[in-house]
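[1] Let's see this in three dimensions:
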Amino acid sequence: MKAHIIGFVFARGGSKGVLRKNIRPLAGKPLIAYAIETALASTLIDRVIVSTDDLEIAAIARQYGAEVPFMRPGKLALDDSPEWLAWQHAIQVLSGADEPKMDVFVSIPPTSPLRAVADVDACVQKLLQGDADLVFTVTSAEGNPFFNMVVLDGTDCARLVIPTGKGVYRRQDAPRVYNIVTVAYAARPEYVLKATSMFEGKTQAVVVAAERALDINTELDFKFAEFMMGSSKEVNTLFVFPQAVLRDVLVCLEATKRGIVLVVDGDRRLLGVITDGDVRRAILEGTDLTVSAQELLERRTKPSPPISARASTPRGELIDLMRKTRVSHIPILNEDRQVVGLIGLDDLLLGGSVPLVPTGV
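    So this is what the prediction gives:
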């Protein structure tokens, strides 16, 4: 018999980091709509329920196809209220005699609008196929407590967070570590009811791509998401293939006004970048407009791997990298070195937005 699986979106009305965050418009829809639509698109989830203390959120949730069969008590929607208690409340409400037994509880937080349906389904499937009490999502961490993360004492003396007792000289030699992200959680309802936190039982994780794991908690996060969900028209003009000619590169530069074009292979893996400065130098040297992008890259005096970063790279590190390398834009890559965006220095320094242009990869 098929397991009875209920997906929940927990969205309280109060939000200090971003006012009315859960229903704030993002790319034309309220933020909560993305979580609801993802849950509804899953073929594994039987019902989609929103738990909220807010009547406006409840109305919008119903508008996008979710059920709101109960309102969350105010004491479970305070700034310091553990969400685990809201999970327990939702399960208890749906454990009545008239309700079918819930086999799997799924939480799809509204603050991660870039998730894929496959990310949610992977958590559910791992729970059903194994003996874990709870499955959550993670991304590869940039910092590593065995290698490059330290704690400081009162005199600013530093030591590794987790000393290994032997020298770890390369990141690759350190144990891989991961960040927990708010893409999805799947749990056995009985475990949620008896436990007081995630790690009291057996937990497992599903690794998801960093570009799908953005968790919106600040205005900056919101701006980041807006650019991640930007128009595909602009995105397509950011790329050229190696066989493209100088004339094509000029067209891209004129269309985007960003001063940079990304040279990628058929899988959108980054091969190099061509800037407006590169093009000006080529034209002044009398280069024919039919010269290929690949040849332009090879003509550089000091050919080197293109500067890039990951979607999870902190803002400060991006700024430092741009200043150190004297570049105004940095391509953002995923774990497979596919381009997932482009970040500009000007907007980082202004502090108001992070223009990451999405690629749709």
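
[2] Find the helix or strand that L193 is a member of.
    For L193, the host element (DSSP states H and E) is helix 189-194.

[3] buried ones in that helix?
    For helix 189-194, the neighbour count (16 or more other CB atoms under 10 Å) marks 189, 191-192 as buried. Where C-beta positions appear, they are placed from N, C-alpha and C, glycine not excepted.

[4] what does stretch 125-137 give?
    Using 16+ other CB under 10 Å as the test for burial, stretch 125-137 gives 126-128, 132-137.

[5] Could I get the average pLDDT for that stretch?
    If you average the pLDDT over stretch 125-137, you get 97.

[6] Could you do stretch 93-102 as well?
    On average, stretch 93-102 scores 86.

[7] Repeat that for stretch 191-202.
    Throughout stretch 191-202, pLDDT has a mean value of 95.

[8] which residues are contacting stretch 70-83?
    10, 12-14, 16, 51-55, 58, 85-86, 89-90, 93 (CB atoms under 8 Å, 6 or more residues apart in numbering).

[9] please redo it, this time with the cut-off set to 6 Å
    By CB atoms under 6 Å, 6 or more residues apart in numbering, the list of residues contacting stretch 70-83 from outside reads 10, 12, 51-53, 85-86, 89, 93.

[10] So which of these is the closest to L349?
    When the contacts of stretch 70-83 are ranked by distance to L349 (CB to CB), R12 comes first, at 33.9 Å.

[11] how near is the closest one to E37?
    20 Å (CB to CB, to the nearest Å).

[12] Regarding the protein, what is its longest strand?
    strand 178-187 (DSSP state E).

[13] hmm, who's touching that strand?
    104-109, 111-112, 115, 119-120, 123-124, 127, 134-139, 141, 208, 213, 215.

[14] Name the strands paired with that strand and say parallel or antiparallel.
    Strand 178-187 pairs in its sheet with strand 104-107 (antiparallel), strand 134-140 (antiparallel), by DSSP bridges.

[15] which of the contacts of strand 178-187 are buried?
    104-109, 111-112, 115, 119-120, 123-124, 127, 134-139, 208, 213, 215.

[16] now the buried residues of helix 189-194 as JSON lines including distance to D278?
    Formatted as JSON lines, the buried residues of helix 189-194 follow (distance: CB to CB, whole Å):
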{"residue": "P189", "distance to D278": "59"}
{"residue": "Y191", "distance to D278": "57"}
{"residue": "V192", "distance to D278": "56"}
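
[17] re the thing from before, which one of the buried residues of stretch 125-137 is nearest to A255?
    T137 (36.2 Å).

[18] Q204 is in contact with that closest one, correct?
    No. Contact criterion CB atoms under 6 Å: T137 and Q204 do not qualify, at 10.6 Å.

[19] just checking, what packs against the lengthiest helix in the chain?
    Longest helix of the chain, by residue count under DSSP state H: helix 117-129. Packing partners of helix 117-129 (3 or more CB pairs under 6 Å, 6 or more residues apart in numbering; DSSP states H and E): strand 134-140, strand 178-187, strand 203-207.

[20] quick one: contacts of the last one?
    Same thing as strand 203-207. By CB under 6 Å, 6+ apart, the surrounding residues in contact with strand 203-207 are 122-123, 126, 132, 134-138.

[21] Could you single out the nearest of those residues to N22?
    Distance to N22 across the contacts of strand 203-207 (CB to CB) is lowest for T137, with 19.4 Å.

[22] For burial, what's the neighbour tally of the closest residue in space to the closest one that isn't next to it in sequence?
    Counting by CB to CB, 6 or more residues apart in numbering, T137 lies nearest to V183, which is 3.9 Å off, once chain neighbours are set aside. Other residues within reach of V183, judged by other CB atoms under 10 Å, total 28.

[23] Could you measure from V183 over to F136?
    For V183, the distance to F136 - CB to CB - is 8 Å.

[24] Which residues are in contact with each of the two?
    By CB under 6 Å, 6+ apart, no residue touches both V183 and F136.

[25] and P189, what does it touch?
    Contact analysis of P189 by CB under 6 Å, 6+ apart lists 91, 102, 105.

[26] one more time with 10 Å
    4, 6, 87-88, 90-92, 94-95, 101-105 (CB atoms under 10 Å, 6 or more residues apart in numbering).

[27] and E56, helix, strand or coil?
    What DSSP: H, G, I helix; E, B strand; the rest coil gives for E56 is helix.

[28] give the contact list for it.
    E56 touches 13, 20, 22-23, 30, counting by CB under 10 Å, 6+ apart.

[29] If you go by neighbour count, which of those residues are buried?
    13, 22-23, 30.

[30] As JSON lines, these with secondary structure, distance to M228 and pLDDT would be great.
    Listed next are the buried ones among the contacts of E56 as JSON lines, based on DSSP: H, G, I helix; E, B strand; the rest coil; distance: CB to CB, whole Å; pLDDT from 0 to 100:
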{"residue": "G13", "secondary structure": "coil", "distance to M228": "25", "pLDDT": "91"}
{"residue": "N22", "secondary structure": "helix", "distance to M228": "18", "pLDDT": "94"}
{"residue": "I23", "secondary structure": "helix", "distance to M228": "19", "pLDDT": "94"}
{"residue": "P30", "secondary structure": "strand", "distance to M228": "17", "pLDDT": "94"}
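
[31] Closest one of the residues you listed to H329?
    Once CB to CB is applied, the member of these that ends up nearest H329 is P30, at 31.1 Å.
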